[in-house]
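Engineer: Show me the folded form of this:
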Amino acid sequence: MTLKRLALLLILAQWSCACTAQTERVVQLTHGHDDSAGGGPAYIISTPAATYYLEKDGGGLSSMLDRDGVDWLGFHSEEGSGHKGEYRGFPNAVHRQDGNYFHAMNAGTDPSTSVVEAASDDHVRIVFTSGNGQWEGRWDFYFDRCDFTMSEVSPGFRYWVQYEGVPGGEMDTTDFWYASANDQRHPIEEPFLGDLPAPEWMAFGDQTSPRMLLVLHHQDDEFPDNYVSRPYMTVLGFGRKDKDKFLDIPQTFSIGFVESTDYLVIDRVVRQILGQVPD
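Structural biologist: The predicted structure follows:
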């Protein structure tokens, strides 16, 4: 057995042990405000892996903090802040398609309503309905990740799902990404356009961080996926090409941290989330 293979097995064992310990499977829902994002009301979901701020009016994530308290989204509602704040977040899904929904509330976001459908020690579910009643987005929070499902799509319209954020807390040249297309580490400035092979995923990192942020599309399709770097933030869009949207049926996406920067570890975590390999 090579040293690299042994090191990989040790990393996977550590990740698996951390994930299966019952004391670590705590998902806690509280209510408050996201002061770093401009002070809007938020659901705050705390887990062993991350703390999520889900904006109550817009229905999108405004902040996502890792174990060290670093925010990998960096949303701020200040009008005119552009790439420095108001464009950021997840999933930023409905844009000029029968409204603007599932984005942390900025000057261009239309409001939604929400209901907490489940809140236990290992799962929180919050469902948002768009103000026009045509879109529904379901959020499921677990100990290791967050799932967003576009559960109802406005007839005749399309959406995308995007990660627009700041790897490691700030976009800079030390950032990088991996994707399901190959096992190479790519500089953050390198773009990607094409249909990611199944399972469709990208992960973002910073050389100063021991972890990466994973974004996963659960269903395979033949639509384009697009990554470009912008000043001050990433723009990854599933079902996107330039500004065109392609998704038109219910789909599920995951976002979460992986406590490794090794490609093989990330790929295995993806397959565990999808149930393709055992936990």
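Engineer: Could you measure from the residue lying closest to Pro197 once chain neighbours are set aside over to Gln251?
Structural biologist: What sits nearest to Pro197 in space, not counting adjacent residues and going by C-beta to C-beta, 6 or more residues apart in numbering, is Ser180, at 5.3 Å. Backbone N, C-alpha and C define where each C-beta goes, glycine included. Remark: distance between Ser180 and Gln251 (C-beta to C-beta, to the nearest Å) = 16 Å.
Engineer: residue boundaries of the strands in the stretch 101-250 of the chain?
Structural biologist: For the stretch 101-250 of the chain, the strands defined by DSSP state E, counting those that start in this stretch occupy 112-119, 124-130, 136-141, 146-152, 161-163, 175-179, 182-187, 192-194, 200-206, 212-217, 225-230, 233-238, 240-241, 244-245.
Engineer: what's the angle from the second one to strand 146-152?
Structural biologist: For strand 124-130 against strand 146-152, the angle between stretch directions is 40 degrees (axes from the mean of the first three to the mean of the last three C-alpha atoms, to 10 degrees).
Engineer: Neighbouring strands - and their directions - for the host helix or strand of His33?
Structural biologist: Using DSSP states H and E, His33 falls within strand 28-34. If you go by DSSP bridges, strand 28-34 pairs up with strand 40-46 (antiparallel).
Engineer: Downstream of the strand it pairs with, the next helix or strand is which one?
Structural biologist: Remark: after strand 40-46, the chain's next helix or strand is strand 51-55, criterion DSSP H and E.
Engineer: can you give me the offset of the very next helix or strand once past that next one from its chain's centre?
Structural biologist: Following strand 51-55 in sequence order, the next helix or strand is strand 61-65 (DSSP H and E). Relative to the centre of its chain, strand 61-65 is centred 9 Å away, using C-alpha atoms, centre = their mean, to the nearest Å.
Engineer: what's the angle between strand 61-65 and strand 212-217?
Structural biologist: 140 degrees.
Engineer: So what touches strand 61-65?
Structural biologist: Counting contacts by C-beta atoms under 8 Å, 6 or more residues apart in numbering, the residues outside strand 61-65 that touch it are 34, 36-37, 40, 42, 50-55, 71-75, 89-91, 104, 146, 165, 213, 255.
Engineer: rerun at 6 Å
Structural biologist: 34, 36-37, 50-55, 71-73, 75, 89-90, 104 (C-beta atoms under 6 Å, 6 or more residues apart in numbering).
Engineer: what does stretch 210-218 give?
Structural biologist: With C-beta under 6 Å, 6+ apart as the test, stretch 210-218 has contacts from 72, 163, 200-205, 238, 252-259, 261, 270.
Engineer: try stretch 191-206
Structural biologist: Applying C-beta under 6 Å, 6+ apart, the external contacts of stretch 191-206 come out as 167-168, 174-181, 212-217, 220, 222, 224-228, 236, 261, 266, 270, 274.
Engineer: How about the nearest residue to Asp140 once chain neighbours are set aside: which residues does it bridge to?
Structural biologist: The spatial neighbour of Asp140 that comes closest, neighbours along the chain excluded (C-beta to C-beta, 6+ apart), is Asp147 at 4.3 Å. With DSSP bridges as the criterion, Asp147 is bridged to Asp140, Ser254.
Engineer: List the residues that contact Asp147.
Structural biologist: Asp140, Thr252, Ser254.
Engineer: quick one, the strand or helix carrying the second one and strand 61-65 angle?
Structural biologist: Okay, so that is Thr252. Following DSSP H and E, one finds Thr252 within strand 251-258. Interaxial angle, strand 251-258 versus strand 61-65 (the same axes, to 10 degrees): 30 degrees.
Engineer: and the angle for strand 251-258 with strand 136-141?
Structural biologist: Computed by the same axes, to 10 degrees, the angle separating strand 251-258 from strand 136-141 equals 30 degrees.
Engineer: Good, we can wrap up now.
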